[in-house]
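J.: Next comes the sequence, and after it the predicted model I'd like to discuss.
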Amino acid sequence: MKKLDKMIAEAALETEARRFSAAEKIYRKIIREDPRHLDGHYLLGSLLAERGELKPAEKHLKIAAELLPSSPYIWNNLGNIRLLAGDDEGALSAWSNALKFKPDLAEAWCNTGLVYMRHENFDEAENCMRKAVASKNLAQAWYALANLAEKRGNTEEAVLICRKVLGFQPGYHSAAFMLSRLEGRPMACPPRQTIKNLFDNHAKRFESHLTGKLAYSIPDSIDEIIRSHAGIQRFDRAVDLGCGTGLMGLRLAERVDELVGVDLSPRMLDEAKEKNIYKRLAESDLTEFLDAEKKPFDLFLAADVMVYMGELENLFAAAFNRASENAIFAFSTEKSDGSGWELRNTGRYAHADAFVRQSAENAGWSVLACENVVVRLESGSPVEGNIFLMARK
């Protein structure tokens, strides 16, 4: 075995053992010895992408594509990295190159269709997804077709597609979540992996989409209700639950001595880290984080978080158990006219005022204030919601 081939094999073993830093060092040594080593660039780029280092990952995948421009798989992976980096145009260009060399590459058709869906070009999206599933039974493409069917008002077709997906891939949680809603038996919370994937895939464009197209201003509303009703000017220790990219934390950071952020999505946490406002960031389920935490908090924040859970009492109870004597909890909800919680066709949960209050009461909190606000725009129409402020009893 040639020296560099042996080093590639060693790096593969290090990667398999999850010793990523060791693998990276080997790949970089290979590239130093042979700057045009195809596998060195491709595998290093793939490794860096897995770690969320998208710019250097793109650099090495681009070199690999230049070294072997006829490889559809290199182009497809380069497109995936560009998508995660928020470069839709660059991603589409890379997938187009992939399809030139392999017109039936299902993953490239599916990825292209997902970009069209995000830009609400649903006809082109469906065309791409149909081409994807024509060449491969790809769960992600079928799931996208289920979403497109529902958008057209064809619930029956959406149900059939979700069942089809679960028939050949029972662990595809997003399809199970959608099917439960379509069949009138909604889950009390979405599968963890569904939430993680959703936000990992949108981290780079998340803030601009929220504050621009969706006219998102929940952090301002939460800050205002705290200033108006809490009577507390500064906080010792606060936790930003579902912190995302840090928009809520940024609004309160100057009034908190120690700010901790928690989120399921590592790519969202990468964005939050760049703001340099959190003393600590944790990748975790919210309730599990609070259960494991030792020190109390005197401020709990949850901006646009309750829309990803139906039942609230477990989270409220976990927060109560980590609350200092005078702690407060401020959060937003989308408003339901029902009596409890409902899962809407947007995939987001809405809560009745009385249900929120009862859940708070059961967990040891009392509601200090509740203000009606527009929490976002959905297809250009305002979505009504509430900002709640609770205090520990």
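T.: Received, thanks.
J.: Would you mind confirming that Glu33 is in contact with Leu4?
T.: Yes. At 6.6 Å, Glu33 counts as touching Leu4 under the criterion of Cβ atoms under 8 Å. For glycine as for every other residue, the C-beta is placed from the backbone atoms N, C-alpha and C.
J.: Those two: which has the busier surroundings?
T.: Leu4 (16 against 12; other Cβ atoms under 10 Å).
J.: what sits against that one?
T.: Leu4 makes contact with 30, 33-34, 37, 40 under the criterion Cβ atoms under 8 Å, 6 or more residues apart in numbering.
J.: what about it, distance to Lys25?
T.: Noted for Leu4: a distance of 14 Å to Lys25, by Cβ to Cβ, to the nearest Å.
J.: now Leu247
T.: Using Cβ to Cβ, Leu247 is found at 37 Å from Lys25.
J.: Which one's more surrounded, the two?
T.: Of the pair Leu247 and Lys25, Leu247 is the one with more neighbours under other Cβ under 10 Å, namely 23 against 13.
J.: these two touch, right, the more buried one and Ser217?
T.: No. With contact defined as Cβ under 8 Å, Leu247 does not reach Ser217; the gap is 9.8 Å.
J.: so where do the strands sit in the chain?
T.: Assigned by DSSP state E, the strands in the chain fall at 235-241, 256-263, 280-283, 297-302, 323-334, 341-343, 349-351, 365-378, 381-392.
J.: can you redo the ones you listed as TSV with mean pLDDT?
T.: Formatted as TSV, those follow (pLDDT from 0 to 100):
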stretch	mean pLDDT
strand 235-241	98
strand 256-263	98
strand 280-283	98
strand 297-302	98
strand 323-334	97
strand 341-343	97
strand 349-351	98
strand 365-378	92
strand 381-392	94
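J.: thinking again about what came up before, could you flag which of the contacts of Leu4 are buried?
T.: Buried residues within the contacts of Leu4, defined by neighbour count using 16 or more other Cβ atoms under 10 Å: 30, 37, 40.
J.: so what's the second one up against?
T.: Same thing as His37. Contacts of His37 (Cβ under 8 Å, 6+ apart): 4, 30-31.
J.: ok, now how distant is it from Leu47?
T.: 14 Å.
J.: Equivalent analysis for the last one, please.
T.: As defined by Cβ to Cβ, Gly40 lies at a distance of 11 Å from Leu47.
J.: shared neighbours of the two, anything?
T.: Common neighbours of Gly40 and Leu47 (Cβ under 8 Å, 6+ apart) are Tyr27.
J.: And the strands of the chain: which comes nearest Lys55?
T.: strand 280-283 (20.2 Å; Cβ to Cβ).
J.: and Glu89, how many neighbours?
T.: Neighbours of Glu89 (other Cβ under 10 Å): 9.
J.: I'd like to know how far it sits from Trp142.
T.: 26 Å.
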